[in-house]
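[1] sequence and predicted structure are below.
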Amino acid sequence: MKQVDIFTDGACQGNPGPGGWGAILRYQGREKELSGGDPNTTNNRMELSAVIESLKCLKEPCQVTLYSDSQYVCNAISRGWAKKWRSNGWMRNKKEPALNPDLWEELLQLLDRHSVKTVWVKGHAGHPENERCDRLAVAAAERAKR
C-alpha cells in the first residue's frame, strides 16, 4: 500500500459560526493542499470534514499517518470510541447522544478502506504543517462568511 501523510485542522469563528478546514496530503515528497468551509458549523465538524475530505482524495487503499491537533478526532479513531458510538446507536452512553453521527458514519466507512494511524500534535505550537492547515482553515472560514 502507498504511504501517505495527512495533516488536518479545523477552525470556527464562533462555535457554532462560520467555519473552515484545511489539509495537506503528502506522498513521496509531493503535496496537495485542500480547504473548505461552512457558514454555520462547529469546530469539531470542521476537524472531521478535513479528515473526511482528505481520505476521499485517495484513489486506492493507503497506509495513512494522520496528524491532527484534535483530540476529539484522534481519540475517537485510535481508541475506538466512534465505532462504539455507532454500535450503541450513536449514543456516547445511556443518556448522551454522540455528536456529528453523519460525519462519523462517513469517516468510519473511509477508515474501513484505509489503514489509518493517528498522531496528535499540539495546536498553535509551531508545527509547520499544522500551522499551514490552520491558515487554510481560517481563510476558508472567512470565505464561508460571505
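    Thanks, I have the structure now. Numbering: from 1, shown residues only.
[2] which SSE is the nearest residue to residue 132 once chain neighbours are set aside in?
    Nearest non-adjacent residue to residue 132, counting by CB to CB, 6 or more residues apart in numbering: residue 24, 6.3 Å away. To be clear about C-beta, it is placed using only N, CA and C from the backbone, and glycine gets the same treatment. Residue 24 is part of strand 17-27 when elements are defined by DSSP states H and E.
[3] try residue 123
    Using DSSP H and E, residue 123 sits in no helix or strand.
[4] list the contacts for it?
    For residue 123, the contact set (CB atoms under 8 Å, 6 or more residues apart in numbering) comprises 9, 69, 130, 134.
[5] any idea where the helices of this structure begin and end?
    43-56, 71-78, 81-87, 101-113, 128-145 (DSSP state H).
[6] export these to a markdown table and tack on distance to residue 1?
    Below are these laid out as a markdown table (distance: least, CB to CB, whole Å):
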| stretch | distance to residue 1 |
| --- | --- |
| helix 43-56 | 14 |
| helix 71-78 | 18 |
| helix 81-87 | 21 |
| helix 101-113 | 11 |
| helix 128-145 | 22 |
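[7] most packed of the ones you listed?
    The highest average neighbour count among these, using mean count of other CB atoms under 10 Å, belongs to helix 43-56 at a mean of 23.
[8] what helices and strands are in contact with that helix?
    Using 3 or more CB pairs under 8 Å, 6 or more residues apart in numbering; DSSP states H and E, the elements in contact with helix 43-56 are strand 2-12, strand 17-27, strand 30-41, strand 62-68, helix 71-78, helix 101-113, helix 128-145.
[9] once you drop chain neighbours, what's closest to residue 43?
    Per CB to CB, 6+ apart, closest to residue 43 is residue 12, 4.1 Å.
[10] neighbours of that neighbour, how many?
    25 (other CB atoms under 10 Å).
[11] try the one 4 residues further on
    For residue 16, the tally of surrounding residues (other CB under 10 Å) stands at 14.
[12] which residues does it contact?
    40-42.
[13] residue 62 too?
    Counted by CB under 8 Å, 6+ apart, residue 62 has contacts 1-4, 114-115.
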